[in-house]
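Trainee: curious how this folds, go ahead:
(2 chains)
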Protein chains: 2
Amino acid sequence: MGVTQDEEFSLDAVRREGLLPTPGTGQAQHDGTGRVELSFTVETGADDGGAPPAQRSVRVPPGVTVFDSASWNGIAIDSTCGGHGTCHKCKVRVEGPTPITRHDVKTFSREQLDNGWRLACLVQATRDLAVDVPPLTTRPKAATVGVGRQVILRPAVQKRYVELDEPTLADQRPDVDRLLAAIDDLEPAPDLHALRRLPKVLREADFKVTAVVVDEVLVDVEPGDTTDQRYAIAYDLGTTTVVATLLDLTLGTPIAVASVLNKQQPFGGDVITRISATMLDPEALPRLQRAAADTLAELASQVCGEGGVDPRQVYEVAIAGNATMTALVLGMDPEPLGVAPFVLATAQPPALLAAEVGLDLHPRAHVYFFPALGAYVGGDIVAGMLATGMDRDKRTRLMIDVGTNCEIVLSDGDRIVSTAAPAGPAFEGGAIRCGMRAADGAIETIRLDTPEGVVDLGVIGDVEPKGLCGSGLVDAVAELVKVGLLDGTGRFVPDEQAVDIAPKLADRLTKLGEERVFVLHRPWPDAGPEDCVVLSQRDVRELQFAKAAISTGWSLLLEELGLEARDVQQVLMAGSFGSYISPASAVRIGLVPKLPVLRIVSAGNVAGEGAKMALLSVRERAGAAALLEEVTYVELSDRADFNDRFVDQLGF
Amino acid sequence: MGVTQDEEFSLDAVRREGLLPTPGTGQAQHDGTGRVELSFTVETGADDGGAPPAQRSVRVPPGVTVFDSASWNGIAIDSTCGGHGTCHKCKVRVEGPTPITRHDVKTFSREQLDNGWRLACLVQATRDLAVDVPPLTTRPKAATVGVGRQVILRPAVQKRYVELDEPTLADQRPDVDRLLAAIDDLEPAPDLHALRRLPKVLREADFKVTAVVVDEVLVDVEPGDTTDQRYAIAYDLGTTTVVATLLDLTLGTPIAVASVLNKQQPFGGDVITRISATMLDPEALPRLQRAAADTLAELASQVCGEGGVDPRQVYEVAIAGNATMTALVLGMDPEPLGVAPFVLATAQPPALLAAEVGLDLHPRAHVYFFPALGAYVGGDIVAGMLATGMDRDKRTRLMIDVGTNCEIVLSDGDRIVSTAAPAGPAFEGGAIRCGMRAADGAIETIRLDTPEGVVDLGVIGDVEPKGLCGSGLVDAVAELVKVGLLDGTGRFVPDEQAVDIAPKLADRLTKLGEERVFVLHRPWPDAGPEDCVVLSQRDVRELQFAKAAISTGWSLLLEELGLEARDVQQVLMAGSFGSYISPASAVRIGLVPKLPVLRIVSAGNVAGEGAKMALLSVRERAGAAALLEEVTYVELSDRADFNDRFVDQLGF
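Mentor: Below is the predicted model of the structure:
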């Protein structure tokens, strides 16, 4: 019945906007499992000189709107209202039967509706879809990013085209005074680069120039009118994966997205091993810094190439990373982050030039870093709070960014508390027998059918399963608990009991060496367990430890605000691991509070979305700074009762 | 009778301070000619570990006080009052009979007075003097620099020693928050360099560190207490000569001074030829920039070496240069400065790192550049206004900085006007037959005695005369006008008339080729005029053009403020050429208004003094910025009547 991705939220919207669901057109509610694929065909506009449409396929958890699925993957769709169905701009054509909302009826003709035209923000992806995206038609004043956040465009990068009177003996004002006097609404301080170029550019361009201002600094002056060419790159600088989005700051739209493994991987998979590397070898810090710079640079060149944008017209970069990633890219010693009492050198890294982090963009392009709340609630989480509106939304909401270090934020609409839980590497495939990253061949969804004995596996790339990624691990454990092959303490039940409970699955329960395992995939009929993709008893324990750390974290935060689990109106599963965990399984194993599955929402790459917001609006950036004051950080390792509570949370 | 260097000024001081000259102790008034030598013996203090006293000789125009002579040459003498005889701190021992002022009587015992102890600010150097300077005893709150300017010490470079509580799990404040919370009176923004060093330095130094703040930026943190080690370098970046003074910012005193020829010399002797070089050859600008950087760097290493100061403890640099020198050291295209309508790129160069102008000091040392009023009234002149107190003094004063481009500033104590006069290269020895720089062998003073036929030459280095520097040229013309061998139009009188007027000098008037010349020095008895140091008719013409340009300049400024020449209470002859021109000769040839010679004061290297002031006090720096608003620039080349007036001023 919901018209947007979340039940409560859409009901709110319905009440607020006076919407009512159109009877008979309600979409089938998803059950919080599986994955859907959206195939976008992006039409090119008249400006593109007849270039062919671009094709892009993306996989998202069911329930995400078509608009968000596109936006998170760098596909621009017109919109100005923030996905509330009010601007009627996000028109797309969807193949196959798709529910029609009241807003669709207002927006489209009968014929258009028959042809599949819908508002993208009102279509929930509950099955695989093919979507046609028309070229952008408007120059918006706002963009929709993050989880339904509408951002009024006010980038730190501003351009002003001016036509100046030439100097005379009677008017010998310095060039920069002449230029700035012609700009009413900005008073930038000129930097040396701009001053060096100014005299020649002014005179060669007959005093018709474009001033380029970044964050109140005049960084350049360009001949003629270049106001339309204004770009920036948003980075989600993850420990494992780094994602870059090239943004058109004039339109507020993404142009290209690319992701790559962090080149620091050889130094270790998680932040602690990388910090250790710097403690053991004085050469490691500069090499880690170089590796981070190379990662950012490779992505910059990739998105500029794909977007057909001159890197010299990229004037700003925003980086959302955890505290260790931020320290390493800045060449700052991360050691105090890795040892108690876990202290940051600074909450807010200073403003820098992109060149200082190894980026070859505009020579005076600036870098904005998100501030950090603590050594383990870093800039990525502050960016995520921005993207999910944790500081603005009046509902009681819980955000969980699942990873080796799991960050948890709880807001009751007034106060915000956060903490970091040491979940360990289970979700990233570490310490799991058949664990792997979410790459081709990884089992990402699992459904067990007891009567039929069917094991239904969703595999990335639709290839032969090779291993188990984080969401697959959670599904495996949750399904085995559901069918009863794992008991409440997390032990595989004895063989005889297994045969009773699930006769057609019981033969998959076997031994590998001394350890009991459950065979998820057998590559050939009589393959031994060592050749199979299995879930081992120890894997279950690893996941138990991880989920216990996380649920201890959020239960302490609930207590901090005097709330019960049932008070939580929305749980946002964030980050590259969290976004892909099946809500049903997360509820079943107790990774999140026991709530209706529709309250559990995949929030996507919130760090990257926050970085985009910071580039699109200086006000959002001010919001990030304000979060440092608003959010109370709760240190788990300082609590005497942590271990007791942890043990309480171990069972399913 | 004067107790300070200038009659009016001292009388003012006498009235203001209730001083009366002690009868019978008045110093012989100098007549505005010649040069005196001061030999300083600087005693070392207990801190210097028994090092031997340092010896320094300096030559100054007569009438400059011992205090100023020392200060301008980097010799520190205690003082806090600004040379008004009130602090009684600037104690020195002078050899030979020296007048005793009422203040000396208050300060010293009978025995001390008999032993030659005097207050250095009250001793005018009217003869060669040997002066003993005791070691510094006080940590002053103020320093005396420039022309009797007292500067309350408030450098942009500040250090604070703090002892911090170590972080705990209950107090996880970021390192920089912890540090800054411990500093009450400053709120600096940390730069990346400081943040990179902070965690390690804090922990290695047991959280006992010194914060280094430059211009409200935290640039470093040093282990332990280094508050006493705080240095800066003041540069006078001249077209010909560059002077550097290393300052101890804690004491406000100079430690070492060095000067060197600007390494840009090969590109041309004056600003116009250097600008032309950049217009003809695109490689010239980077090479000129490099040459300027090398010049500054060589001086930095020289003064740090002499002063025994680690260059990494030099945290700031101030540069006073004309607009072209400033543009070239910044790598900014100077072309618009060289062609009408003569436009600056910017009045105020941006704040930079010293490393960006090629200096290897503290890696985050800052550079302060003086702002410019116009293309030909640059930062050097703004510095000079600061050093001479043009913005504060209530008297009507004229400052003339003589050079190829001659800058002129007039204040009536309320309004300030300035202009630039194209004097040409005469004062720098250019276009003068026997012209040379003020180096060994240059005739710098000349006195002619008609009855005896004596030509009394003062020669730099007391060696065989090799040529004529600017002050010698002015003296030569002035003396020849005085004795009548040059007539009022600037022509040598006919031979028969010369014999009548000055029989014993007439034979020096001869011909070199077709041109009449006056022989100043004949190296051997029958040397031909081509082997002699001579003043030619064309040389006289060059000087006439130069002085006409200058006097046109100041006469227009007088008119601008509705003043007569006689209203001027003080003429400050500034800069490396102006300071050495004999006041009497300057009056005689009309380079300055016809005023009593004691109103003509040698102001010394005012640009360098201004640079020192900017380093010693951020308030003085604000004063420099204020001058941009206060001073009205009068463009001579824009005036229709310039040529008429110029012709009027040609005669003597």
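
Trainee: doesn't A:A194 lie inside a helix?
Mentor: Yes: with the criterion set as DSSP: H, G, I helix; E, B strand; the rest coil, the secondary structure at A:A194 is a helix.

Trainee: wait, it sits on A:D220?
Mentor: Yes: in terms of CB atoms under 8 Å, A:A194 counts as a neighbour of A:D220; the distance is 5.3 Å. Using the backbone N, CA and C atoms, a C-beta is placed for each residue, glycine as well.

Trainee: find residues that contact each of those two.
Mentor: A:V212, A:R364 (CB atoms under 8 Å, 6 or more residues apart in numbering or on different chains).

Trainee: against which helices or strands is the host helix or strand of A:R59 packed?
Mentor: Using DSSP states H and E, the secondary-structure element containing A:R59 is strand A:54-60. Applying 3 or more CB pairs under 8 Å, 6 or more residues apart in numbering or on different chains; DSSP states H and E, one finds that strand A:54-60 contacts strand A:36-42, helix A:66-72.

Trainee: what ranges do the strands span in the stretch 401-550 of chain A?
Mentor: With DSSP state E, counting those that start in this stretch as the definition, the stretch 401-550 of chain A shows strands at residue ranges A:405-411, A:416-422, A:442-449, A:454-459, A:467-468, A:509-512, A:515-521, A:533-536.

Trainee: what does the stretch 151-300 of chain A give?
Mentor: Listed in chain order, the strands found in the stretch 151-300 of chain A under DSSP E, counting those that start in this stretch are A:157-163, A:189-190, A:208-214, A:217-223, A:231-237, A:241-248, A:253-261.

Trainee: closest to B:G358 out of these?
Mentor: When the strands of the stretch 151-300 of chain A are ranked by proximity to B:G358, the top entry is strand A:189-190, at 21.3 Å, counting by CB to CB.

Trainee: what's the distance between that closest one and the middle of its chain?
Mentor: Between the centre of strand A:189-190 and the centre of its chain there are 35 Å (CA atoms, centre = their mean, to the nearest Å).

Trainee: that one packs against which elements?
Mentor: Using 3+ CB pairs under 8 Å, 6+ apart, strand A:189-190 is in contact with strand A:217-223.

Trainee: send the alpha carbons of the strand it packs on over as PDB?
Mentor: Output of strand A:217-223 as PDB, limited to C-alpha atoms (Å, rounded to 0.1, in the frame of the first residue of the first chain):
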ATOM      1  CA  VAL A 217      38.200  32.200  -2.200                       C
ATOM      2  CA  LEU A 218      38.700  33.500  -5.700                       C
ATOM      3  CA  VAL A 219      40.700  30.600  -7.200                       C
ATOM      4  CA  ASP A 220      40.700  31.500 -10.900                       C
ATOM      5  CA  VAL A 221      39.400  33.700 -13.600                       C
ATOM      6  CA  GLU A 222      38.500  32.200 -16.900                       C
ATOM      7  CA  PRO A 223      38.100  33.900 -20.300                       C
END
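
Trainee: ok, A:K547 touching A:Q649?
Mentor: Yes: with contact defined as CB under 8 Å, A:K547 and A:Q649 form a contacting pair (7.4 Å).

Trainee: the strands of the stretch 151-300 of chain A: which one's closest to B:V474?
Mentor: Among the strands of the stretch 151-300 of chain A, if distance is taken as CB to CB, the winner is strand A:189-190, at 41.8 Å.

Trainee: that older thread, most tightly packed of the strands of the stretch 401-550 of chain A?
Mentor: strand A:405-411 (a mean of 27; mean count of other CB atoms under 10 Å in any protein chain shown).

Trainee: comparing A:K547 and A:Q649, which residue is more hemmed in?
Mentor: Using other CB atoms under 10 Å in any protein chain shown, the more surrounded residue of A:K547 and A:Q649 is A:K547, with 27 against 19.

Trainee: tell me the contacts of the more buried one?
Mentor: When the contact criterion is CB under 8 Å, 6+ apart, the partners of A:K547 are A:A423, A:I589, A:G590, A:L591, A:Q649.

Trainee: and the pLDDT for A:D68?
Mentor: pLDDT, A:D68: 80.

Trainee: revised request: answer the last question for A:L136.
Mentor: Note on A:L136: pLDDT of 76.

Trainee: so it touches A:D78, yeah?
Mentor: Yes: assessed by CB under 8 Å, A:L136 is found in contact with A:D78 at 5.6 Å.

Trainee: those two: which is more packed in?
Mentor: Residue environment comparison for A:L136 versus A:D78 gives the larger neighbour count to A:D78, 23 against 19, counting by other CB under 10 Å.

Trainee: apart from its neighbours in sequence, what residue is nearest the more buried one?
Mentor: Nearest non-adjacent residue to A:D78, counting by CB to CB, 6 or more residues apart in numbering or on different chains: A:K89, 4.2 Å away.

Trainee: distance of the one you found relative to chain B?
Mentor: Counting by CB to the nearest CB, to the nearest Å, the gap between A:K89 and chain B amounts to 42 Å.

Trainee: before we move on, back to that, any residues in contact with both of A:K547 and A:Q649?
Mentor: When contacts are counted by CB under 8 Å, 6+ apart, the set common to A:K547 and A:Q649 consists of A:G590.

Trainee: in the stretch 501-650 of chain A, what residue is nearest chain B?
Mentor: Using CB to the nearest CB, the single residue of the stretch 501-650 of chain A nearest to chain B is A:D638, 4.1 Å away.

Trainee: return the helix or strand in chain A with minimum mean pLDDT.
Mentor: Ranking every helix and strand in chain A by mean pLDDT, DSSP states H and E puts helix A:7-17 at the bottom, with a mean of 34.

Trainee: buried deepest among the helices and strands packed on strand A:54-60, which one?
Mentor: Across these, the average number of neighbours (mean count of other CB under 10 Å) peaks for helix A:66-72, which reaches a mean of 27.

Trainee: any stretches of chain A with poor pLDDT?
Mentor: By pLDDT under 70, the low-scoring segments of chain A are A:1-33, A:45-50, A:80-84, A:138-140.

Trainee: what's the domain layout of it?
Mentor: Using automatic domain parsing, the domain parsing of chain A gives A:7-138, A:157-223, A:231-379, A:390-425+A:544-648, A:427-542.
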